[in-house]
Structures are given as structure tokens and as C-alpha cells.
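1. this is a predicted model, with the sequence first.
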Amino acid sequence: MINQMLNITDLLEIRHQIKAKKPLIHCITNHISINDCANVVLAVGAKPIMAEHPAEVSDITASSKALAVNLGNITDTRMESMLISGKTALEKNIPSIIDIVGVGCSNLRLDFTKKFIFACHPSVIKGNMSELKALCGVESGAKGIDVGEKDKITEDNIANSLALLTSLSSKTGSVIAATGVVDIITDGTDTYLIENGCEMLSMITGTGCMLNVLAATFISNKDIIGGTVLATAFMGICGELSQNVELLGKFKTTLLDYIFSLSDHQFKEKIKYHFCK
């Protein structure tokens, strides 16, 4: 590891283009965090649409620049709509991302994820290490939707984690985004480790869902690994800058404020990422 392949200026140019072009982002996500997700898309200058009725989602995906789907609080209707939209995104060459929330603790979600990946070939598959290990058929210690203690990325297991994730990327053709204390982004050839973030991001619900739609927004320009790296570092940095507050509710509102206002200078100063090949 140890060169930096993606140029920071090029990453920031993705953000600038989003602000200039204001792309429409179709998000099919859970109702626990749907309002926060819509506000995150708005905060970086894009336009969210949260439609989920099966009869309309194909048209809406076709008119959008990216699709984000999320398995949290899953329903039959949302699963039907995700498949319809995912197939439309594939047909129209529209970037898509799936957040595999809870596949480590639910066979329903795991089976659906495999079906979605096979049918829709998402641009990005996002999850924590427990969820991604479950998807790979490896024993995982998921605690509900959270990563299990033994699955957390450490110095001792990072080599095995990298091997698992690059293999998954090669098999699916998707960029893999593994979130945790150290985030891993890989397209099967190039891999980035991102070390931004803070504990408080895990203390409010929906920050992973927000990252999912943020990544969808930034990959809408079709730089899939660049947009995914940008989104992951961006959310982590905004968390770090927001954490010096006394109250948890204040942290949440400050986080959205930084997602809206983070400067190029702050991003360049704070980003901590490394390249592996």
C-alpha cells in the first residue's frame, strides 16, 4: 500500500460537477432514514426522488442519473420495486448501488441480495464486513444489522479481508465498499483504505443509509470507484468535524450542515486514504 492513485483534485471535481449538473437520484430505501437520505442528496446539490411503487419505478429510474437501493426494514413491495429498477438501471447503463443491510442475520435478505446481484449487476455493493462475509458464504458474527466483533477489520485480519473483498469484486464485476473503522473500497484490481470517521456516526440511526445515497449521487458521473471513495471519505470527514458537540441530536444536525458546507480545503486537509494494488 502505498501510493495514492486517485487524485484529490479529481475527486473534488466529481463533487463540483454534481453541484453544477444537479442530477436526479432515485433512492429506494427504508422508511427509518428516508427523510435523512433525501436531505443528504439535496445537501450536496443533487435532486432526490424516493419513489417505490412497482408500477412507476422503472420510469423514474430511467429518468434518473443513478439508483440507490437499501435492504433495511425490507418489504415485499420494496423488493419487487428494487428488482424492476435494478434491471432498468442495467438496461440504461445507469450507475446503481445496493446496501446489503442485514444480510448477515436474514436469509430473506441474503437470498434477495444474490438474486438482485445476478439480475441487475449493481455498480457498487456496500455493506459491513459481517454482511459481506455472509454474502461470500463465509461464517460471520453479525449482530443484527451491525458488524460482529470478530468480523471487525484489524491489523491481524486485514489481509484476509482484502482477499475476500477483491475476490467478490472480481466475481460480481461490482466495486465493493466495506464500511468500518477502516473502510475498504475495491474494484478487484485497485483497492483503497479510508481511515476517516468517528464513533458517533454509529450512535445515530441511518448514517450507513445516508452514505449509500451519497455514493449513488457521486457515482452518477459514472466514475464508480472515484465516486465511492469520495462519498466514503466525505461522510467520514463530516462526522469527524461534527463530533465536538455535547448532545447527540446536535451531532446529527451538525453532520448535515457539514455535508452541505464542507470546503475543498477541509476535505484536502482531513482525507486519510491509502492505495493498495
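-> Sure, I can see it. Numbers count the residues shown, from 1 in each chain.
2. can you pull the poorly scored residue ranges out of this structure?
-> Applying pLDDT under 70 to the chain picks out residues 1-4.
3. looking at it, which residue lies furthest from center?
-> Glu246 (27.8 Å; CA atoms, centre = their mean).
4. roughly how far does Arg109 sit from Asp36?
-> As judged by CB to CB, to the nearest Å, Arg109 and Asp36 stand 21 Å apart. Where C-beta positions appear, they are placed from N, C-alpha and C, glycine not excepted.
5. next one: Ala20
-> Using CB to CB, we find Ala20 at a distance of 24 Å from Asp36.
6. more crowded one of these two?
-> Per other CB atoms under 10 Å, whichever of Ala20 and Asp36 has more neighbours is Asp36, with 19 against 9.
7. can you give me the helices in the stretch 151-277 of the chain?
-> Taking DSSP state H, counting those that start in this stretch, the helices of the stretch 151-277 of the chain run over residues 158-172, 207-218, 224-242, 248-261, 264-270.
8. ramachandran angles for the closest residue to Asn128 other than its chain neighbours?
-> The spatially closest residue to Asn128, leaving aside those adjacent along the chain, is Val147, at 4.0 Å (CB to CB, 6 or more residues apart in numbering). Phi and psi for Val147, reported as degrees, to the nearest 10, are phi -70, psi 140.
9. quick one: contacts for Val147?
-> The contact partners of Val147, by CB atoms under 8 Å, 6 or more residues apart in numbering, come to 128-131, 180.
10. look up how far Met200 lies from the residue farthest from the centre of the chain.
-> Following CB to CB, the distance that separates Glu246 from Met200 is 12 Å.
11. same check, this time on Gly180
-> The gap separating Gly180 from Met200 is 15 Å, by CB to CB.
12. might you report the residue contacts of the residue nearest the centre of the chain?
-> Central residue of the chain (CA atoms, centre = their mean): Asn212, 3.3 Å from the mean position. By CB under 8 Å, 6+ apart, the contact set of Asn212 is 29, 37, 68, 70, 97, 99, 126.
13. before we move on, what about Leu211?
-> Leu211 makes contacts with 126, 179, 231-232, 235, as judged by CB under 8 Å, 6+ apart.
14. in JSON lines: these, plus neighbour count and distance to Thr154.
-> Conversion of the contacts of Leu211 to JSON lines gives the following (neighbours: other CB atoms under 10 Å; distance: CB to CB, whole Å):
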{"residue": "Lys126", "neighbour count": "30", "distance to Thr154": "21"}
{"residue": "Thr179", "neighbour count": "28", "distance to Thr154": "15"}
{"residue": "Ala231", "neighbour count": "30", "distance to Thr154": "24"}
{"residue": "Thr232", "neighbour count": "26", "distance to Thr154": "19"}
{"residue": "Met235", "neighbour count": "28", "distance to Thr154": "22"}
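15. got a markdown table for those, with distance to Thr189 too?
-> Output for those, formatted as a markdown table (distance: CB to CB, whole Å):
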| residue | distance to Thr189 |
| --- | --- |
| Lys126 | 19 |
| Thr179 | 21 |
| Ala231 | 20 |
| Thr232 | 18 |
| Met235 | 24 |
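16. on that earlier part again, quick one: the contacts of Asn212 as a markdown table, columns for distance to Thr166 and secondary structure too.
-> A markdown table is the format used below for those (distance: CB to CB, whole Å; DSSP: H, G, I helix; E, B strand; the rest coil):
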| residue | distance to Thr166 | secondary structure |
| --- | --- | --- |
| Thr29 | 28 | coil |
| Cys37 | 29 | helix |
| Ala68 | 23 | strand |
| Asn70 | 24 | strand |
| Ile97 | 18 | strand |
| Asp99 | 20 | strand |
| Lys126 | 16 | strand |
